[in-house]
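Novice: need a 3D model of the sequence below.
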Amino acid sequence: EQMSESNKVVQQGSQMQFRESKELMQQINRDVGEQIRAIQESVTTKLLHVEKNVAAVGESSKQVFAVADQLRELQNILKNPKQRGILGEYYLETLLKNVMPPGSFEMQYKLGKTDDGEELIPDAVVFVREKIIPIDSKFSLENYNRIVEERDPLEKERLEKVFENDLKNRIMETSKYIRPELGTMEFAFMFIPHEAIYYDLLIGRVGKGEDENLIQRAANKYKVIIVSPTSFLAYLQTVLQGLNALKIEKDAVEIRKRV
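Specialist: Reported below is the predicted structural model:
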């Protein structure tokens, strides 16, 4: 009986311990399951975030490649003198459209012919009352790029002289449009669509003479005003103010007549 009673106590204790162990295991399984689900949710969220970042990086890469392609295309355009000239003319036309009123300018205007029969067609003209201001776009880039890339001082000096002669030829080409007998002003604009070239000319890094730089010589000797996109805007604003003043004066004359 004692053994039987002891067996019952041991059996009850074992059953209780088994139940406790079972409950403990179930609790552990629940805790582990919750932790696994939390880890899975966290990993899934991070994977989604990574996928979004990868997609964003992929889109950015596409944009970078697109910009690189556009730069290569622009570089190829600038290598071709004819296409470079077309680009300069387009830049000039855009500036005129943004500043001047309609009808106050014209692209590829035919001034007339020289004594030799050559057709005079500047890239653009601006009309100021009965007078015409010729504008020609010149894009001397190849020799300038050689100067920038050259490291040898002697070769650099030689290239600067070549570039200066190139610009002098462009100045003379522009000066042929100054034809007062055909209704033009006594000067013309030579538009250089490249700020770096204009800046080097302005400070005398290229084309520096004893008393004046190439910009001053062009204006004094050939009556050609060399301008860049930035400085040309200032000149155009001045011309525009002049046109407005002329219009006001003309209106005032008309008012006086009517009074």
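Novice: just give me how far stretch 239-253 sits from the chain centre.
Specialist: 35 Å (Cα atoms, centre = their mean, to the nearest Å).
Novice: then that stretch to PDB, C-alphas only?
Specialist: The C-alpha trace of stretch 239-253 is given here as PDB (Å, rounded to 0.1, in the frame of the first residue of the first chain):
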ATOM      1  CA  VAL A 239      19.100  98.500 -77.600                       C
ATOM      2  CA  LEU A 240      15.600  97.600 -76.300                       C
ATOM      3  CA  GLN A 241      15.600 100.700 -74.100                       C
ATOM      4  CA  GLY A 242      16.600 102.800 -77.100                       C
ATOM      5  CA  LEU A 243      13.800 101.300 -79.100                       C
ATOM      6  CA  ASN A 244      11.300 102.200 -76.300                       C
ATOM      7  CA  ALA A 245      12.700 105.700 -76.100                       C
ATOM      8  CA  LEU A 246      12.300 106.100 -79.900                       C
ATOM      9  CA  LYS A 247       8.700 104.800 -79.700                       C
ATOM     10  CA  ILE A 248       7.900 107.300 -76.900                       C
ATOM     11  CA  GLU A 249       9.500 110.100 -79.000                       C
ATOM     12  CA  LYS A 250       7.500 109.100 -82.100                       C
ATOM     13  CA  ASP A 251       4.300 108.900 -80.100                       C
ATOM     14  CA  ALA A 252       5.000 112.300 -78.600                       C
ATOM     15  CA  VAL A 253       5.500 113.800 -82.000                       C
END
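Novice: what does that stretch rub up against?
Specialist: V99, M100, P101, S104, V126, V128, R129, I133 (Cβ atoms under 8 Å, 6 or more residues apart in numbering). Placement of C-beta: from N, CA and C, glycine included.
Novice: which two in those residues are spaced the farthest apart?
Specialist: The span of the contacts of stretch 239-253, defined through Cβ to Cβ, is set by V99 and R129 at 18.0 Å.
Novice: quick one, which of the two is more surrounded?
Specialist: Under the neighbour definition other Cβ atoms under 10 Å, V99 and R129 were set side by side, and V99 has more, 17 against 10.
Novice: show me which of the contacts of stretch 239-253 is closest to Q237.
Specialist: Ranked by distance to Q237 (Cβ to Cβ), the contacts of stretch 239-253 are led by V99 at 6.7 Å.
Novice: please name the residues that touch the closest one.
Specialist: V99 makes contact with L233, L236, Q237, L240, according to Cβ under 8 Å, 6+ apart.
Novice: which of those count as buried?
Specialist: L236 (16 or more other Cβ atoms under 10 Å).
Novice: biggest strand in this structure, by residue count?
Specialist: strand 131-137 (DSSP state E).
Novice: give the buried residues for that strand.
Specialist: For strand 131-137, the neighbour count (16+ other Cβ under 10 Å) marks I132, I133, P134, I135, D136, S137 as buried.
Novice: where's the nearest residue to the third one once chain neighbours are set aside, which helix or strand?
Specialist: So that's P134. Spatially, and ignoring its direct neighbours in sequence, P134 is nearest to Y177 (3.7 Å; Cβ to Cβ, 6 or more residues apart in numbering). Assessed by DSSP states H and E, Y177 sits outside every helix and strand.
Novice: tally of neighbours for Y177?
Specialist: Using other Cβ under 10 Å: Y177 sits among 24 other residues.
Novice: how about it, what does it touch?
Specialist: By Cβ under 8 Å, 6+ apart, the neighbours of Y177 are L111, L120, P122, P134, D136, T184, A188.
Novice: same check, this time on T44
Specialist: Under the criterion of Cβ under 8 Å, 6+ apart, T44 has no contact partners.
Novice: please report how far it lies from N53.
Specialist: 15 Å (Cβ to Cβ, to the nearest Å).
Novice: and the residue found closest to I178 once you drop the neighbours it is linked to in the chain, its phi and psi?
Specialist: Leaving aside its chain neighbours, I178 sits nearest to A188 (5.1 Å; criterion: Cβ to Cβ, 6+ apart). Backbone geometry at A188, expressed as degrees, to the nearest 10, gives phi -140, psi 160.
Novice: fine by me, we can end here.
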